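Trainee: quick one: sequence plus predicted model below, questions after.
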There are 2 protein chains.
Amino acid sequence: MFRIPRGTRDFTPEEMEKRRYVERQMRTTFQVFGYREIQTPMFETLELFTAKSGDTILEEIYSFTDKSGRKLALRPELTAPVIRFYVDKMQMSPKPLKLFYFGSCFRYDRPQRGRYREFRQAGCELIGTNTPEAYAELIALAYFLLKNIGLKNIRLNIGDLDVLSSMLRTLGIPKDKQKQLTPLIDKSQFKDLTSMLHTMGIKKKKIDEFVDILQTTDTQKILEFLNKNTSSKAKIEELEKILDLLRNSFDIKNYHVNMSIVRGLDYYKGLVFEIDAPVLGAEKQLCGGGAYELIPLFGGKNIPTAGFAIGFDRTILALEAEKFVFPKPKTDIFIVPINNDMMDISIKIAQNLRKEGIPTDIDLLRRDVRKSLKYANAINAEKTILVGPKDVEKNCVTLRDMRTGEQQIIKIKDIPSKIKTKKLQ
Amino acid sequence: MFRIPRGTRDFTPEEMEKRRYVERQMRTTFQVFGYREIQTPMFETLELFTAKSGDTILEEIYSFTDKSGRKLALRPELTAPVIRFYVDKMQMSPKPLKLFYFGSCFRYDRPQRGRYREFRQAGCELIGTNTPEAYAELIALAYFLLKNIGLKNIRLNIGDLDVLSSMLRTLGIPKDKQKQLTPLIDKSQFKDLTSMLHTMGIKKKKIDEFVDILQTTDTQKILEFLNKNTSSKAKIEELEKILDLLRNSFDIKNYHVNMSIVRGLDYYKGLVFEIDAPVLGAEKQLCGGGAYELIPLFGGKNIPTAGFAIGFDRTILALEAEKFVFPKPKTDIFIVPINNDMMDISIKIAQNLRKEGIPTDIDLLRRDVRKSLKYANAINAEKTILVGPKDVEKNCVTLRDMRTGEQQIIKIKDIPSKIKTKKLQ
């Protein structure tokens, strides 16, 4: 027997139905926001990913060499491939470009709950604009992507790396030392942060104030901390404009300003945001994004860029944790020819239903009625149609409701109208 | 600048729209036939594929070693993974199992028209039945998958490896020598076949008769050639039952019996079929399948199995060659705030349309009306809504049809009802 590779998954029909439901809903949300889908290859040249993320990524990447000696890698994320695609073929397209994607990504990592070696991401990039309304729309899109699939409890955190940097400068930490602090800020390890700032010679009162501000959601307090420094003021005003649009135009009231959002990657600039599902506990982050600068690194002409990615697998875990009722896979109609002479007419009935878009199955094992009904139950058939010689002589069949057990004899020509069922979307 | 790996492709929004259209249609057809979707990982252990296809496959497979020294391979096809999944987790499921899938496959091959290093397959497996009605339904499914996406001209060829084997035995060719002949039969190289049979000592008259029969579509002639051998007779009768069901119950008249269909792989048994798109010339095969025996090889309990795969990329080439008109990607509504004070109300209007499922975009670059209309044209917007202070004072906006240039002033509350457009599916 052959085994599935460690850290990867097979998806049963029940699981696929959940995944396709989420994908369908997300695709619709992307499209109603004016985004259009693209796709890139499953692997890229290895340098694409080391250029973006540094050599540390080699630790957790699946790489291989092709016959001409070129190093290739299974993609660990989708932003780098999409920006490569943009630089290569879309720089001349009318701006802004609103692009979304779904795809498998790969990470050579220790498998754990909600983390797999092959995992699925949904995401988007918004290229060519940096207005507050563009950023507000981007955040709203991420929010509605998760809301529209049926998640009830999500938490949206919004930060700004420029503001955080100003805060650190106000504290007296120069740019080159700020990097040491960001991992602690990102993980909200405020105790360790306090002692590190202490060793850097910052006064206790200032440190406490700073740690307070990292946790405030009040932009006015942040502005006070920054001592109304002019350039910071413009930044805060822009952030306030974004928040104002979210609240009033997009009707999103429950966001949280949070300057400890860092995202931990060098290419993020300015706005950053994350969406969590608190129901998931420690591994709760579903979405992360913000404004970033990657195009010049990939050889393109610099232009404002922003985007986000959603962890598809974890989103499904969150729906399950919230006991969301997914649409159930089902076969609407199962047809049972009473004997083998009834096969031809039974297939014709099946084909007429299929032409109407109604999922229809038929016994393919020449089973007796009892066994066929048992199978129909096992595949969740809503109704069965029993096709027997006596009924057929009168141009009729027997329609059985599998939930109530109720049976009625109906004309063959009336079957489609009697099958009150939704068509497939 | 980074390059895309050789033999792989980026898909633009226009191309993705075509691909998603075909996938959507195919998924619906699979589902109305009672099939349910599954998914397996993008890579498997290398031995899975060498067990199925022999070591020759190593030549054209992307393989790599994981950190525990296990050889992995990007999947070159999907039947082996699906059967691995079945043996591992679905042997106890009620039969028959009707499973379908879509997925990327990988082949380390010289790239050429319609052949890529990453390519997409659609396919299915039918596990647990070998009745004529099961096989007829399987062939019908393949046929309607291609018909329902809009292909006009396809050719369905049906053969039977057991019948071919009987024919070769009748000719006096023992089982172990038959293998040498099958590649020539598969490629319809009848001249080379004739001379090889000649060197094998077969009489010219017999050879000519055999080559004729390979090209006949008349099952009675085949039966005569087989000299009414009893076991062959049962095989031919079964084939005729399948053809009869296709013709009369599935209403598929234009199939061709063709005993030169071989499929070239050892695990096929009995029924085989192929569907071509003649419009594509030499590389015309879109679909291939049949009955096969793979489960015991993978450590499972033997049970009848059949299935087929469709080349997704070539199917799209065939639609394009037939000048099929794909649904066009479009944004229904583009909203233009006349000045920046109109942004809040403009976003509200956009959000109301989006809630109704109408794809809506809005200017995110604070452009003037002329430039905004140019952009709206570039993204194929059907209508624009101009939001200006004078109109808004009277709770109105200006609705502009982008095709006719016609403009009308309408009440804001009437916008959704005035946008006569189809919702997203």
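Mentor: Here it is on my side, so go on.
Trainee: who does the most centrally placed residue in chain A form a beta bridge with?
Mentor: In chain A, the centroid-proximal residue (Cα atoms, centre = their mean) is A:I310; its distance is 3.5 Å. Beta-bridge partners recorded for A:I310 (DSSP bridges): A:A122, A:C287.
Trainee: that one and A:I149 touch, don't they?
Mentor: No. Judged on Cβ atoms under 8 Å, A:I310 makes no contact with A:I149 at a distance of 10.0 Å. The C-beta positions use only the backbone N, C-alpha and C, and glycine is treated the same way.
Trainee: need the residues touching each of these two.
Mentor: Contact criterion Cβ atoms under 8 Å, 6 or more residues apart in numbering or on different chains; residues shared by A:I310 and A:I149: A:M26.
Trainee: next, count neighbours for A:Q189.
Mentor: 13 (other Cβ atoms under 10 Å in any protein chain shown).
Trainee: stretch A:16-27 and chain B in contact?
Mentor: Yes. Judged by Cβ under 8 Å from any Cβ of the partner chain, stretch A:16-27 comes into contact with chain B at A:M16, A:E17, A:R19, A:R20.
Trainee: who's in contact with the closest residue to A:N248 other than its chain neighbours?
Mentor: Once flanking residues are discounted, A:N248 sits nearest to B:D344: 6.1 Å by Cβ to Cβ, 6 or more residues apart in numbering or on different chains. B:D344 makes contact with A:L245, A:N248, A:S249, according to Cβ under 8 Å, 6+ apart.
Trainee: any idea which helix or strand carries B:D344?
Mentor: In this assignment (DSSP states H and E), B:D344 forms part of helix B:343-355.
Trainee: show me which positions of that helix end up buried.
Mentor: Residues of helix B:343-355 classed as buried by neighbour count (16 or more other Cβ atoms under 10 Å in any protein chain shown): B:M343, B:D344, B:I345, B:S346, B:I347, B:K348, B:I349, B:A350, B:Q351, B:L353, B:R354.
Trainee: just these now: which is nearest A:L364?
Mentor: Closest approach between those and A:L364, by Cβ to Cβ: B:R354, at 44.6 Å.
Trainee: the closest one and A:Y35 touch, don't they?
Mentor: No. Counting by Cβ under 8 Å, B:R354 does not reach A:Y35; the two are 11.4 Å apart.
Trainee: that older thread, from A:R20, how far out is the residue nearest to the centre of chain A?
Mentor: 16 Å (Cβ to Cβ, to the nearest Å).
Trainee: can you check A:C287 too?
Mentor: From A:C287 to A:R20 the distance is 20 Å (Cβ to Cβ).
Trainee: between the two, tell me which one has more neighbours.
Mentor: In terms of neighbours (other Cβ under 10 Å), A:C287 is the more surrounded of A:C287 and A:R20; the figures are 24 against 16.
Trainee: give me every residue that touches that one.
Mentor: When contacts are counted by Cβ under 8 Å, 6+ apart, A:C287 is found next to A:A142, A:L145, A:L146, A:F273, A:E274, A:I275, A:F308, A:A309, A:I310, A:G311.
Trainee: which two of those have the greatest separation?
Mentor: Maximum distance among these (Cβ to Cβ): 14.7 Å, for A:F273 and A:G311.
Trainee: those two - which one has more neighbours?
Mentor: Shown here are A:F273 and A:G311; by other Cβ under 10 Å, A:F273 has more neighbours (27 against 23).
Trainee: number of residues surrounding A:L156?
Mentor: 20.
Trainee: packing partners for the helix or strand hosting it?
Mentor: Per DSSP H and E: A:L156 is located in strand A:155-160. Judged by 3 or more Cβ pairs under 8 Å, 6 or more residues apart in numbering or on different chains; DSSP states H and E, strand A:155-160 is in contact with helix A:132-148, helix A:230-248, strand A:255-257, strand A:268-276.
Trainee: pull out the buried residues from the next helix or strand after that strand.
Mentor: Of the helices and strands lying after strand A:155-160 in sequence (DSSP H and E), the nearest is helix A:161-171. Buried residues in helix A:161-171, counted by 16+ other Cβ under 10 Å: A:L161, A:D162, A:V163, A:L164, A:S165, A:S166, A:M167, A:L168, A:T170, A:L171.
Trainee: quick check: the second one touching A:V272?
Mentor: By that I understand A:D162. No. The criterion here is Cβ under 8 Å, and A:D162 misses it with A:V272 at 10.0 Å.
Trainee: mind checking the pLDDT average for the strand holding A:L156?
Mentor: Averaging pLDDT along strand A:155-160 yields 95.
Trainee: next one: stretch A:30-46
Mentor: In the prediction, stretch A:30-46 has an average pLDDT of 97.
Trainee: ok, it near chain B or not?
Mentor: Yes. Contact of stretch A:30-46 with chain B (Cβ under 8 Å from any Cβ) involves A:31-34, A:36-45.
Trainee: widest-spaced pair of the residues you listed?
Mentor: Largest separation among these by Cβ to Cβ: A:V32 and A:T45, giving 35.2 Å.
Trainee: more crowded one of the two?
Mentor: For A:V32 and A:T45, the more surrounded residue by other Cβ under 10 Å is A:V32, and the numbers stand at 27 against 19.
Trainee: contacting residues around the more buried one?
Mentor: By Cβ under 8 Å, 6+ apart, the neighbours of A:V32 are B:L353, B:R354, B:G357, B:I358, B:P359, B:T360, B:L424.
Trainee: got it, and A:S260?
Mentor: When contacts are counted by Cβ under 8 Å, 6+ apart, A:S260 is found next to A:G159, A:L164, A:I185, A:D186, A:S188, A:L214, A:Q215.
Trainee: who's the first one bridged to?
Mentor: In this structure, A:G159 has the following beta-bridge partners (DSSP bridges): A:V272.
Trainee: that one: how many residues sit nearby?
Mentor: 26.
Trainee: quick one, what contacts it?
Mentor: A:V257, A:N258, A:M259, A:S260, A:I261, A:V262, A:L271, A:V272, A:F273.
Trainee: from those, which shows the smallest pLDDT?
Mentor: Per-residue pLDDT puts A:V262 lowest of the contacts of A:G159, at 84.
Trainee: quick revisit: out of the contacts of A:S260, which is most surrounded?
Mentor: A:G159 (26 neighbours).
Trainee: remind me which residues of chain A are low pLDDT?
Mentor: Judged by pLDDT under 70, chain A has its weakly predicted residues at A:114, A:228, A:264-265, A:329, A:420-425.
Trainee: pretty sure A:D88 contacts B:T12?
Mentor: No. Counting by Cβ under 8 Å, A:D88 stays clear of B:T12, with 11.4 Å between them.
Trainee: who's more crowded, the two?
Mentor: For A:D88 versus B:T12, neighbours defined as other Cβ under 10 Å are more numerous around B:T12 (19 against 16).
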